[in-house]
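Peer 1: let me see the structure of the following:
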Amino acid sequence: MDDPTGPEHPRRRHSLPVRLTHWINVAALFVLLGSGLQIFNAHPALYWGHSSTFAEPWAAMTAEPLGDRLAGFTKVGPIRIETTGLFGLSDGERRGFPAWATLPSYRSLADGRRWHFFFAWVLAANGLIYLIWGLASGHFRRDLAPARAELSPRHLWVEIVEHARLRFPKGEAAHAYNSLQKLAYLAVIFILLPLMVLTGLGMSPGVNAAWPWTFEIFGGRQSARTLHFITATLIVGFVIVHLAMVLASGPVGQLRAMITGRSGPGPGPAPTRPDGDPS
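Peer 2: From the prediction side, this is the model:
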């Protein structure tokens, strides 16, 4: 009789809840990003506090005359650089982000808001389901909580160097999270995503009327909007790094595992993991 844990058999890598919530998040975040940029384009500037000081934005994407032509500029704090063709001015049109980056691609604040609000609730519900399942199943405690030794500066530095050299774990070690992955996932799950949801609620007039604290805790509605944009940018940065690591460590195997739940054969007999997502 074949040994289901032997080297000729694929091994369990991702449980069904991990796979379902992962792909729902992929779809929701894709639409949220594009529709969010559509909303931002309606007023491509960010402020701190309760009101918009139009003459002194903290960050802005604008188009201004430069010599005999129109040029796009991006400003963040005291830094101001020309970004013609990408931010501020693209395809000869004044707009914060280019048409290819927004959903819908045509200018429509109403459609952007409808898409954004619908998928925001999809993301929030999906996240809540994953949170409840992760706590109830022990997934967070078992797979994401780092051991004290993993948090030592020496251990973290070794992992940073190994990742920079594109040296990834092999064999049994490849079937578990490393320290950097644990810290990154915990930061996204328990800090960035909740902050993005709360700052989004802080910008909603209807929610503000019922619960004024949703924007007051951030120092004002404009501060909530700015923090929402910053948080979304950090999540996009996480996704870019995540995709880069997937490509560098073997995209075929990573995608197969996230679709089917099983990876390639292990180095030998080993117990089946109930869940986990080392990609």
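Peer 1: contacts and neighbour counts: CA atoms only from here.
Peer 2: Fine.
Peer 1: low-confidence ranges, the protein, go.
Peer 2: 1-13, 171-175, 263-279 (pLDDT under 70).
Peer 1: where exactly do the strands run in the stretch 1-150 of the chain?
Peer 2: Taking DSSP state E, counting those that start in this stretch to define them, one finds strands in the stretch 1-150 of the chain at 10-12, 45-46, 59-66, 69-76, 79-82, 88-90, 93-95.
Peer 1: off-centre distance for the second one?
Peer 2: Same thing as strand 45-46. If you compare the mean C-alpha spot of strand 45-46 with that of the full chain, they lie 21 Å apart, counting by Cα atoms, centre = their mean, to the nearest Å.
Peer 1: show residues contacting it.
Peer 2: If you take Cα atoms under 8 Å, 6 or more residues apart in numbering as the criterion, strand 45-46 is touched by 52, 57-61, 222, 225-226.
Peer 1: what lines up beside that strand in the sheet?
Peer 2: Using DSSP bridges, the strands paired with strand 45-46 in its sheet are strand 59-66 (antiparallel).
Peer 1: next, the angle strand 69-76 makes with the strand it pairs with.
Peer 2: Our comparison of strand 59-66 with strand 69-76, counting by axes from the mean of the first three to the mean of the last three Cα atoms, to 10 degrees, yields an angle of 160 degrees.
Peer 1: which of the residues in strand 59-66 are buried?
Peer 2: In terms of neighbour count (16 or more other Cα atoms under 10 Å), strand 59-66 has its buried residues at 59-63.
Peer 1: my guess is residue 232 contacts residue 194. True?
Peer 2: No - because the distance of 11.2 Å does not satisfy Cα atoms under 8 Å, residue 232 is recorded as not touching residue 194.
Peer 1: neighbour count for those two, which is higher?
Peer 2: residue 232 (20 against 16; other Cα atoms under 10 Å).
Peer 1: who are the packing partners of the helix or strand hosting residue 157?
Peer 2: Using DSSP states H and E, residue 157 sits within helix 153-164. Secondary structure elements in contact with helix 153-164, counted by 3 or more Cα pairs under 8 Å, 6 or more residues apart in numbering; DSSP states H and E, are helix 179-187.
Peer 1: quick one: list the elements packing against the helix it packs on.
Peer 2: Packing partners of helix 179-187 (3+ Cα pairs under 8 Å, 6+ apart): helix 153-164.
Peer 1: compute the inter-axis angle for the helix it packs on and helix 179-187.
Peer 2: Interaxial angle, helix 153-164 versus helix 179-187 (the same axes, to 10 degrees): 100 degrees.
Peer 1: what residues sit buried inside helix 153-164?
Peer 2: 156, 159.
Peer 1: name the residues that touch that helix?
Peer 2: Around helix 153-164, the neighbours that count as contacts under Cα under 8 Å, 6+ apart are 149-150, 168, 179-180.
Peer 1: residue 114: which of the contacts of strand 45-46 is nearest?
Peer 2: When these are compared for distance to residue 114 (Cα to Cα), residue 225 comes out closest, at 17.4 Å.
Peer 1: who's in contact with that closest one?
Peer 2: Residue 225 makes contact with 46-47, 199-200, 202-203 under the criterion Cα under 8 Å, 6+ apart.
Peer 1: what about residue 82, distance to residue 105?
Peer 2: With the distance defined as Cα to Cα, to the nearest Å, residue 82 ends up 23 Å from residue 105.
Peer 1: with residue 164 instead?
Peer 2: Using Cα to Cα, residue 164 is found at 36 Å from residue 105.
Peer 1: repeat for residue 33
Peer 2: Look at residue 33 and residue 105: by Cα to Cα, they are 12 Å apart.
Peer 1: so between those two, which is more surrounded?
Peer 2: For residue 33 and residue 105, the more surrounded residue by other Cα under 10 Å is residue 33, and the numbers stand at 18 against 14.
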